[in-house]
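>>> sequence unavailable; structure follows:
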C-alpha cells in the first residue's frame, strides 16, 4: 500500500483499505466484489498465510497473478496444500519452473 500511496494512486490504496476491512469482517461477498474491481494483496503474502479464499477471488479477477513461482514456494513450504492446488489450477506448469538453486541456494553435494 505504501508504494501505491507514494506513487499517488489513491484509488488502489482505497480499494486495498476496503479489502482489509472486508477480510477482517469475513465478508466473502465483499472480498469477491472488491477483487473483481482490482483490489488485491500480494500473492506471495496470501500464499504465506494460506488465504485461499482471497486468492481465489484475486485469481478469478486476474488469472495472470497466479503465475508467481515464489508464491507457490511460500505456499508449499508452509504446508498450504489447498493454496498450491489453487495456483496449479490456474498455472499447471508453474511447479516445473521452480529452481531449487533459485530459492534455497545450490543443492547439497554428497560426499564420495
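Happy to help now that I have it. Not measured: the values here are computed from a predicted model.
>>> right, and residue 68 touches residue 44 too?
Yes. Here residue 68 reaches residue 44: they are 6.5 Å apart, a contact under Cβ atoms under 8 Å. C-betas here are computed from N, CA, C, even on glycine.
>>> now do the shared contacts for these two.
Counting by Cβ atoms under 8 Å, 6 or more residues apart in numbering, residue 68 and residue 44 have no shared contacts at all.
>>> for those two, indicate the residue with more neighbours.
residue 68 (19 against 15; other Cβ atoms under 10 Å).
>>> which residues touch that one?
43, 44, 47, 87, 94.
>>> try 10 Å
Counting by Cβ atoms under 10 Å, 6 or more residues apart in numbering, residue 68 touches 42, 43, 44, 46, 47, 74, 75, 87, 91, 94.
>>> including distance to residue 31, could the residues you listed go into TSV?
Formatted as TSV, those follow (distance: Cβ to Cβ, whole Å):
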residue	distance to residue 31
42	15
43	15
44	18
46	11
47	17
74	20
75	19
87	18
91	22
94	24
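>>> could you pull out the helices for the chain?
In the chain, the helices defined using DSSP state H lie at 2-6, 10-24, 28-36, 43-49, 52-61, 69-77, 81-90, 100-104.
>>> excluding its backbone neighbours, what's nearest the spatially most central residue of the chain?
Nearest residue to the geometric centre of the chain (Cα atoms, centre = their mean): residue 43, 1.7 Å. Using Cβ to Cβ, 6 or more residues apart in numbering and skipping the chain neighbours, the partner closest in space to residue 43 is residue 71 (4.3 Å).
>>> low-confidence ranges in the protein?
Along the chain, the model assigns pLDDT under 70 to residues 1-16, 100-112.
>>> buried subset of the contacts of residue 68 as a ChimeraX selection?
To isolate the buried members of the contacts of residue 68 in ChimeraX, using 16 or more other Cβ atoms under 10 Å:
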select :43,46,47,74,75,87,91,94
